[in-house]
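[1] Build me a structure from this.
(chains A and B)
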Number of protein chains: 2
Amino acid sequence: MPTPAVVLLSGGLDSATCLAIAADEGLAPHAMSFRYGQVHTTELDAARRVAAALGAVEHRVVDIDLAAFGGSSLLGDGEIPKGREADIGDGIPSTYVPARNTVFLAYALAWAEVLGANDIFIGVNALDYSGYPDCRPEFIAAFEAAANAGTRTGTEGDGYRIRAPLIHLTKAEIIGLGTGLGVDYAMTVTCYDATADGACGECDACVLRRRGFDEAGVADPTRYR
Amino acid sequence: MPTPAVVLLSGGLDSATCLAIAADEGLAPHAMSFRYGQVHTTELDAARRVAAALGAVEHRVVDIDLAAFGGSSLLGDGEIPKGREADIGDGIPSTYVPARNTVFLAYALAWAEVLGANDIFIGVNALDYSGYPDCRPEFIAAFEAAANAGTRTGTEGDGYRIRAPLIHLTKAEIIGLGTGLGVDYAMTVTCYDATADGACGECDACVLRRRGFDEAGVADPTRYR
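    As a prediction, this is how the structure comes out:
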């Protein structure tokens, strides 16, 4: 039986690439997504398509009530920032969701502990980093240490690895890597303001994604509305 | 305005004492409890009473679906261990819930980030430690490091302190401390198998609690069925 792994899957470009990497390593990927009152619920449909297409053994969607905490434009608190491309990388943006990756990784860790998985994949990226503190290598390393200090597998077993294989890659490199692994990026949704009609093409996420396809020399399959 | 703090409140003896400590420090305690399919739901009623009695500014009960992960007798998977007093402290017990305190602290961190709180209280205890890896000082320190690496307050603000004021106290010392701060322990529920009729008196948690009152020389107010 192949070794299980947990893959956090948002339905976006980065996490789809992570899932492909886990499968390519011969692991049995168990994909986990979250329904947390985000404006861009079309991501979850994308996550389902991606999980099926890339051979996830199982796909769980966990309901969490981050909306109760407020404090982020991604959760309907204030405007999604657009047309401020020059500002990308300038401080923590309003789309930051308090402790989001900590909550996501905590759930992934719980599932990994039950599955007997040692690897947890998360598609964070520090280079195309648009200011989220929980996407930095320092955070990933610190969470891994906490995971190993606070669990059965960490203290009595082989321990956990928080795998962030994209963390030092450019968006173009990620797209090149995933294309080589057969990821169909037309299935993925990156836009902060996506609707059934497609992506906005203007938010920070769209701008970074479009630039990535440009630089990778790969035709951008994104449907813009 | 007093400084806010987040206090994880289970409705048990330890977390009630933590809430009293936070209030005694002059902080404005915001209590957070979880509904996660645990067998002992009577704890949540206890948490509500304790939050009100000890002056919590707000009390939030967060729904989480840990039951979906299974793997613990506390979540209805297998028998609650009883009558094995001699075994307490011998390995990780079946009542261990995978990554439970990691999930709880992640939610507390998200709320703290929104409230502007720097202190997060958790009533873990390493001395009367019955084998949970996520109750050890090593885990608390590691989670604090992750919290500070992965948040706005940790990277741009004053940072977080994960406060575990009971971690090196015996149960008797905790009871003595809380009694001095006016905690009415009759309100709290510790039993893994509590019902509306009272505590079982036989599970690990009941055994440790009863022994604590004994050693503290405080009359045990627990209602046993």
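[2] Sketch out the strands for chain A, chain order is fine.
    All strands of chain A, identified by DSSP state E, fall at A:4-8, A:28-35, A:58-63, A:119-121, A:161-163.
[3] If you count contacts, what does the lowest-mean-pLDDT helix or strand in chain A end up packed against?
    Ranking every helix and strand in chain A by mean pLDDT, DSSP states H and E puts helix A:152-156 at the bottom, with a mean of 87. Counting contacts by 3 or more CB pairs under 8 Å, 6 or more residues apart in numbering or on different chains; DSSP states H and E, helix A:152-156 packs against helix A:100-115, helix A:137-149. Backbone N, C-alpha and C define where each C-beta goes, glycine included.
[4] what about stretch A:126-146, start to end distance?
    In stretch A:126-146, first residue to last residue: 20 Å (CA to CA, to the nearest Å).
[5] how far does it sit from the chain's center?
    How far stretch A:126-146 lies from its chain's middle: 12 Å, per CA atoms, centre = their mean, to the nearest Å.
[6] That stretch: which residues count as buried?
    A:126, A:128, A:130-136, A:138-140, A:142-146 (16 or more other CB atoms under 10 Å in any protein chain shown).
[7] With stretch A:155-174 instead?
    Buried residues in stretch A:155-174 (16+ other CB under 10 Å): A:155, A:160, A:162-167, A:169-174.
[8] do the same with stretch A:185-200
    Residues of stretch A:185-200 classed as buried by neighbour count (16+ other CB under 10 Å): A:185, A:187-194, A:199-200.
[9] Might you report the residue contacts of A:Ile144?
    Small correction: residue A:144 is Glu, not Ile. Residues in contact with A:Glu144 (CB atoms under 8 Å, 6 or more residues apart in numbering or on different chains) are A:160-162.
[10] from the buried residues of stretch A:185-200, which single one is nearest chain B?
    Using CB to the nearest CB, A:Tyr192 is the member of these that lies nearest chain B, at 18.4 Å.
[11] correct me, but the closest one touches A:Asp204?
    Yes - assessed by CB atoms under 8 Å, A:Tyr192 is found in contact with A:Asp204 at 7.1 Å.
[12] shaky segments in chain A?
    Chain A contains residues with pLDDT under 70 at A:37-40, A:65-96, A:128-130.
[13] that older thread, can you tell me which of the buried residues of stretch A:155-174 is nearest A:Ala53?
    Of all the buried residues of stretch A:155-174, A:Ile174 has the smallest distance to A:Ala53: 17.3 Å, by CB to CB.
[14] my guess is A:Ala5 meets A:Leu27, correct?
    Yes - applying CB under 8 Å, one finds A:Ala5 in contact with A:Leu27, separated by 4.0 Å.
[15] For these two, list the residues in contact with both.
    Common contacts of A:Ala5 and A:Leu27, defined by CB under 8 Å, 6+ apart, comprise A:Asp119.
[16] more neighbours, the two?
    Set A:Ala5 next to A:Leu27 and count neighbours by other CB atoms under 10 Å in any protein chain shown: A:Ala5 wins out with 28 against 21.
[17] which ones are touching the more buried one?
    Each residue near A:Ala5 by CB under 8 Å, 6+ apart is listed here: A:22, A:25, A:27-30, A:112, A:117-121, A:163.
[18] Between the residues you listed, which sits nearest B:Asp220?
    For the contacts of A:Ala5, the minimum distance to B:Asp220 (CB to CB) is 39.8 Å, reached by A:Ala112.
[19] now that closest one: how far from chain B?
    Going from A:Ala112 to chain B by CB to the nearest CB, to the nearest Å gives 8 Å.
[20] Any chance of the contacts of A:Ala5 in JSON lines with distance to A:Leu44 as columns?
    Below are those laid out as JSON lines (distance: CB to CB, whole Å):
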{"residue": "A:Ala22", "distance to A:Leu44": "20"}
{"residue": "A:Glu25", "distance to A:Leu44": "25"}
{"residue": "A:Leu27", "distance to A:Leu44": "23"}
{"residue": "A:Ala28", "distance to A:Leu44": "22"}
{"residue": "A:Pro29", "distance to A:Leu44": "17"}
{"residue": "A:His30", "distance to A:Leu44": "17"}
{"residue": "A:Ala112", "distance to A:Leu44": "21"}
{"residue": "A:Ala117", "distance to A:Leu44": "22"}
{"residue": "A:Asn118", "distance to A:Leu44": "27"}
{"residue": "A:Asp119", "distance to A:Leu44": "23"}
{"residue": "A:Ile120", "distance to A:Leu44": "20"}
{"residue": "A:Phe121", "distance to A:Leu44": "18"}
{"residue": "A:Arg163", "distance to A:Leu44": "23"}
